[in-house]
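[1] A predicted structure for the sequence below; I have some questions about it.
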Amino acid sequence: SRIHRACILFVGLICAQPAGAQDSASAADRARARQVLAAALEALGGAERIAGIGTWDLEGVGSENLSAEAQGESPDRPTWRTHEERVVIDARTMTVAWQRRTPRNDNSTRWRRMIYGPDRTGFVDLNSGVGVLRPAAAPPARTRGLARRVPHLLLLEAATTARTRWGGERMIDGMPHDML
């Protein structure tokens, strides 16, 4: 449905606005953004349902261009590697475990889990089994940034705390999508 497409495009196109940008948006654009967000949340079961989910566990496999991080085999051509990622979020405490597994150029594997919580942070190198968990709070912006990888949580945050405005429609693959 169009509501689901709006939700997907929202997640793909959301970006930080410069200070004062919201003030220049018309009341109609702000109202349209709220309407699109509310409809997308409703299509997913409502804000209460999403907020009531205590643990989110997502994983995926894709590819990563190591050259983009200055770690490729050659600076003038892409070095693509399989990339596995998993994010587990305790939404009630905003504790996030973020795990990445990617082959390196020397045929070894980078496989680490980072842990960010309100009262401790740490990591585990899953190749060696060595890790540390320190009694230090993770920066809230870091945990929120990782939590936003879950489209539902990004949508919930945008609908309840973010300042948004409607940016019109965009056609993607012949279908209209709302830009927020």
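    Happy to help now that I have it.
[2] any weak-confidence spans in this protein?
    1-24 (pLDDT under 70).
[3] in it, which spans are strands?
    55-65, 80-90, 95-103, 109-116, 121-125, 130-134, 169-172, 175-178 (DSSP state E).
[4] packing partners for the fourth one?
    Looking back up the chat, that one is strand 109-116. strand 95-103, strand 121-125, helix 140-147 (3 or more CB pairs under 8 Å, 6 or more residues apart in numbering; DSSP states H and E). Every residue, glycine included, has its C-beta placed from N, CA and C.
[5] and the longest helix anywhere in the chain, how far out from the chain middle?
    Identified as the longest helix of the chain according to DSSP state H is helix 27-43. Put simply, helix 27-43 sits 20 Å off its chain's centre (CA atoms, centre = their mean, to the nearest Å).
[6] for it, packing partners?
    Looks like helix 27-43 contacts helix 2-13, helix 151-160 (3+ CB pairs under 8 Å, 6+ apart).
[7] kindly recompute the last result at 10 Å.
    Where contact means 3 or more CB pairs under 10 Å, 6 or more residues apart in numbering; DSSP states H and E, helix 27-43 is packed against helix 2-13, helix 21-24, helix 47-52, helix 151-160, strand 175-178.
[8] rewinding a little: and the strands of the chain as a markdown table, adding mean neighbour count?
    Formatted as a markdown table, the strands of the chain follow (neighbours: other CB atoms under 10 Å):
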| stretch | mean neighbour count |
| --- | --- |
| strand 55-65 | 12 |
| strand 80-90 | 16 |
| strand 95-103 | 18 |
| strand 109-116 | 18 |
| strand 121-125 | 17 |
| strand 130-134 | 11 |
| strand 169-172 | 12 |
| strand 175-178 | 17 |
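[9] so which of these is nearest residue 29?
    Set against residue 29 and scored by CB to CB, these come closest in strand 175-178, at 11.1 Å.
[10] neighbouring strands - and their directions - for the closest one?
    strand 169-172 (antiparallel) (DSSP bridges).
[11] so how far is the strand it pairs with off the chain centroid?
    22 Å.
[12] same check on stretch 97-108?
    On CA atoms, centre = their mean, the centre of stretch 97-108 falls 20 Å from that of its chain.
[13] span of that stretch from start to end?
    22 Å (CA to CA, to the nearest Å).
[14] if we can go back for a sec, so which bits of the longest helix of the chain are buried?
    29, 32-34, 36-37, 39-41 (16 or more other CB atoms under 10 Å).
[15] hang on, the earlier thing: kindly reformat the helices and strands packed on strand 109-116 as JSON lines containing distance to residue 75.
    Formatted as JSON lines, the helices and strands packed on strand 109-116 follow (distance: least, CB to CB, whole Å):
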{"stretch": "strand 95-103", "distance to residue 75": "19"}
{"stretch": "strand 121-125", "distance to residue 75": "27"}
{"stretch": "helix 140-147", "distance to residue 75": "28"}
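[16] fine by me, we can end here.
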